[in-house]
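> Below: sequence and its predicted model.
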Amino acid sequence: MDLLRKIILLSTLFIIANSAPPTCYSAVLKLSKGIMVSMERLEKFSVTRQCLAHLPKLYINVHNACVVIKLRDHIYALENLIIPECRTLKRISFLKFRIERLHNMIARLCHRDLVFYTDDCPALERPPKPEEDIEK
């Protein structure tokens, strides 16, 4: 019985230790990676591929000072898509919502928590080189 109590106590402590709330920085990283994965998936679907074809390429690097400007430009482009049917697609609307949320987090909520290593705006339009990937 004593062994069972120790196991329960240890497992409870383990769960409590792993349930710490995410920091603002980690939330921004997670959301930016999620947006990039969503954009890759949307480029594979024939319905949404034509919608994304009219958008500028965006590779999110939260350590680039130009990311706020590029996110704002991307939100504007999503609000004013050339094909009207694209504006009503749920997947495109959800992508726009996530980008707006990331923009709000970087520009307002987490502005003091982020460190910008570069201000190379064209770098956000081309895929990052493997050595540029800071998170790995």
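Here it is on my side, so go on.
> where in the protein is pLDDT low?
Within the chain, the stretches with pLDDT under 70 are 1, 13-21, 128, 130-136.
> Not counting its neighbours along the chain, what's nearest the residue sitting nearest the centre point of it?
Geometric centre of the chain, nearest residue: S32, 1.5 Å, by CA atoms, centre = their mean. Leaving aside its sequence neighbours, S32 sits nearest to I60 (CB to CB, 6 or more residues apart in numbering; 4.3 Å). C-betas here are computed from N, CA, C, even on glycine.
> what sits against the one you found?
32, 35-36, 67, 71, 102, 124 (CB atoms under 8 Å, 6 or more residues apart in numbering).
> so what's the backbone phi/psi at H63?
phi -100, psi 10 (degrees, to the nearest 10).
> wait, isn't it in contact with A123?
No - the pair H63 / A123 is not scored as a contact, 10.3 Å apart, by CB atoms under 8 Å.
> The two: which is more packed in?
A123 (18 against 14; other CB atoms under 10 Å).
> Distance check, that one against R98.
Using CB to CB, to the nearest Å, A123 is found at 21 Å from R98.
> picking up where we left off before, reduced to three states, what does the residue nearest to S32 come out as?
coil (DSSP: H, G, I helix; E, B strand; the rest coil).
> And E40, by the same measure?
helix.
> which residues of this structure fall in helices?
2-18, 24-44, 46-52, 67-79, 84-88, 90-104 (DSSP state H).
> out of the ones you listed, which comes closest to R112?
helix 24-44 (8.7 Å; CB to CB).
> what's the angle from the closest one to helix 67-79?
40 degrees (axes from the mean of the first three to the mean of the last three CA atoms, to 10 degrees).
> Just the CA trace of helix 24-44, in CSV.
C-alpha atoms of helix 24-44 as CSV (Å, rounded to 0.1, in the frame of the first residue of the first chain):
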residue,chain,number,x,y,z
CYS,A,24,4.7,34.3,-24.4
TYR,A,25,7.8,33.4,-26.4
SER,A,26,7.0,29.7,-26.6
ALA,A,27,3.4,30.5,-27.6
VAL,A,28,4.6,32.8,-30.4
LEU,A,29,6.9,30.0,-31.7
LYS,A,30,4.2,27.4,-31.5
LEU,A,31,1.7,29.5,-33.3
SER,A,32,4.2,30.6,-36.0
LYS,A,33,5.1,26.9,-36.7
GLY,A,34,1.4,26.0,-36.8
ILE,A,35,0.7,28.8,-39.4
MET,A,36,3.6,27.5,-41.6
VAL,A,37,2.3,24.0,-41.4
SER,A,38,-1.3,25.2,-42.3
MET,A,39,0.0,27.2,-45.2
GLU,A,40,1.9,24.1,-46.5
ARG,A,41,-1.3,22.0,-46.2
LEU,A,42,-3.4,24.6,-47.9
GLU,A,43,-1.0,24.7,-50.8
LYS,A,44,-1.7,21.0,-51.4
